[in-house]
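J.: What follows is a protein structure lacking sequence information:
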């Protein structure tokens, strides 16, 4: 538990309005300076407070959607997290961003994969959901649509950060030294932090929503797409069950349809939120060899934040405005 | 029921080895000539026999995978169906192909979106599953990977067919006449045949597999991706439940995670294959306004082919080699 946390991270949390994550993986205390740790916790806290403000001020039919989007936008704008500004670099030295959003009230969803010029991919995902008849758009067409919709377009250098560039250089140096290639999954090694950000929210009136955004994998090639923009894998929301945003080794989340599986266990097996989320992350996912975690919330403000890695950047805010944020498992 | 069918299409079929579909939609008897109808049924039958041969001759650990891939390859090569040769054109006059495959034995999956140079996208999807650590790759990188793997690459004109080109011209003419755009979803109108091909198979030893391939939507813009290459939406396979390949208005299949939902009802609610597949297609999907259908099979050779449209190109072959193929609902 982080010192910044004023509340517990019990398996079963209640009275929660909004939960965020900033990625899961081999996040070890000895690898983070006190300054970086504090900055990450501050970033999570800022996203929670911004999302909570959006939730209370929202006039949308589903305020949880405004909350989840606002929180993820904050994390996208924070260079410490692998989404938006701060995204990792592909093998070609560019940033390809994925995002998805789902409205638990309507069952509608929107997602984008491989965008390169959109400051806040989560807002484009929401525009896909609300302003087009589509769910998923990929590649240059998604950037073109963002421009047509008047969303904020940035030059690719906007996404540059020294830290991420050095990560790319280090990984490519290691590839050359080992004679390995991307298909050998060097990038999938335990060094990988599975950077992704996400938020799930409930509005206190029966509505939930989920939002996920990522810069993908360092040194990515071939247009690989992970689970973040895939409805049912990295993102899901249904008022009758729960909202889920995932982070981790995306291929496992895709093969197990993790986010939808949590909802399906609640709907068809009668599991509670906590039981379903922990079973999928700690049993099904872990048994398959998949590292990562999820944040999940139901319409009554029950929340769960299971992960099977050494750490997950995470936090929640209760209906009374109390914030907890943490990084490590213990 | 088509005259070409020698068996019934009962809701509950048993002793089935392989099922194929060639798309669902507003397929009306009065719109198909007798010649075209016969050719479609012959195409389905050829795919079933080819897949069945592959199933019996397979030395793979999961012969159902060989069967599903072989059947889909045949349908991709058949210009009558919207996948591979015969794919529809995007607004830019090109062909962008999507495909996915899933192995019910291992839970592994592979998928590609937006490839333009690969003769058989389903074989690339299988290569992604078997030869990379990834599940989904999209865009030019997927074409590059196909070339690296030595798969058959074709010039884009390979995919040209007069029929599909005229469909594009007609739709664009209508757009101009109506002053509408792709975002008005002209392409999603009832004229759309939701062209997709797919196969699901069981090997008689407890293994199932699913394969799906599509040319997408006529006049497609912005890099829209449907449900076909999305694991859990258009494609799913798990020995413990079933294999599913979907066809229809893809956005609804994405929002409902149709393929995984059928499996989840079997696993968590104890539904049988038929009950689960019909409930999702005729109840959940239809209530949401989603047109289309699925083919589904379990490891014991029970199969279901529900659809909520006027027609679905479909067929199955039993373990004794008897083939049935049909187009219309009645």
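T.: It's in. Being a predicted model, the structure only gives us computed values, none of them experimental.
J.: you'd agree residue A:207 is up against residue A:63?
T.: Yes. Proximity of residue A:207 to residue A:63 meets the contact threshold set by CB atoms under 8 Å, at 7.0 Å. Bear in mind the C-beta positions are built from the backbone N, C-alpha and C, glycine included.
J.: Please report how far residue A:170 lies from chain B.
T.: Going from residue A:170 to chain B by CB to the nearest CB, to the nearest Å gives 20 Å.
J.: After the lengthiest helix in chain A, which helix or strand is next? Please name it.
T.: What stands out as the longest helix in chain A, according to DSSP state H, is helix A:34-57. Following helix A:34-57 in sequence order, the next helix or strand is helix A:63-77 (DSSP states H and E).
J.: So which elements touch that following helix?
T.: strand A:16-25, helix A:34-57, strand A:97-103, helix A:121-131, strand A:197-202, strand A:208-214 (3 or more CB pairs under 8 Å, 6 or more residues apart in numbering or on different chains; DSSP states H and E).
J.: Report the contact partners of residue A:53.
T.: By CB atoms under 8 Å, 6 or more residues apart in numbering or on different chains, residue A:53 lies in contact with residue A:70.
J.: Could you check how far it is from residue A:245?
T.: Per CB to CB, to the nearest Å, residue A:53 is found 20 Å from residue A:245.
J.: related to what we said a few turns ago, would you turn the helices and strands packed on helix A:63-77 into CSV with mean pLDDT?
T.: Converted to CSV, the helices and strands packed on helix A:63-77 look like this (pLDDT from 0 to 100):
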stretch, mean pLDDT
strand A:16-25, 96
helix A:34-57, 97
strand A:97-103, 98
helix A:121-131, 98
strand A:197-202, 98
strand A:208-214, 98
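J.: The ones you listed: which one's closest to residue A:77?
T.: Smallest distance to residue A:77 across the helices and strands packed on helix A:63-77 (CB to CB): 9.4 Å, for helix A:34-57.
J.: can you state the direction angle for that closest one and strand A:16-25?
T.: Angle of helix A:34-57 versus strand A:16-25, following axes from the mean of the first three to the mean of the last three CA atoms, to 10 degrees, is 150 degrees.
J.: Go through helix A:34-57 and flag the buried ones.
T.: A:37, A:40-41, A:43-52, A:54-55 (16 or more other CB atoms under 10 Å in any protein chain shown).
J.: One more: stretch A:275-283?
T.: Quick answer for stretch A:275-283 (16+ other CB under 10 Å): A:275, A:276, A:277, A:278, A:279, A:280, A:281.
J.: now do the same end-to-end measure for it.
T.: From its first residue to its last, stretch A:275-283 covers 11 Å (CA to CA, to the nearest Å).
J.: now do stretch A:251-266
T.: 23 Å.
J.: again with stretch A:84-96
T.: Calculated as CA to CA, the first-to-last residue distance of stretch A:84-96 is 9 Å.
J.: and what of stretch A:253-272?
T.: 20 Å.
J.: cool, stretch A:254-263 as well?
T.: 15 Å.
J.: At which residues are the helices of the stretch 101-250 of chain A located?
T.: In the stretch 101-250 of chain A, the helices defined using DSSP state H, counting those that start in this stretch lie at A:121-131, A:140-148, A:162-178, A:250-256.
J.: Can you say which of the ones you listed is nearest to residue A:304?
T.: Of all these, helix A:250-256 sits nearest to residue A:304, with 16.1 Å by CB to CB.
J.: so where is chain A shaky, pLDDT-wise?
T.: For chain A, the stretches with pLDDT under 70 are A:1-6, A:185-194.
J.: try it again with 80
T.: A:1-6, A:180-194 (pLDDT under 80).
J.: so where does residue A:296 fall, helix or strand?
T.: Assigned by DSSP H and E, residue A:296 falls in strand A:292-297.
J.: just checking, what packs against that strand?
T.: So strand A:292-297, by 3+ CB pairs under 8 Å, 6+ apart, packs with strand A:16-25, strand A:197-202, strand A:243-248, helix A:258-269, helix A:273-278, strand A:303-304, strand A:311-318.
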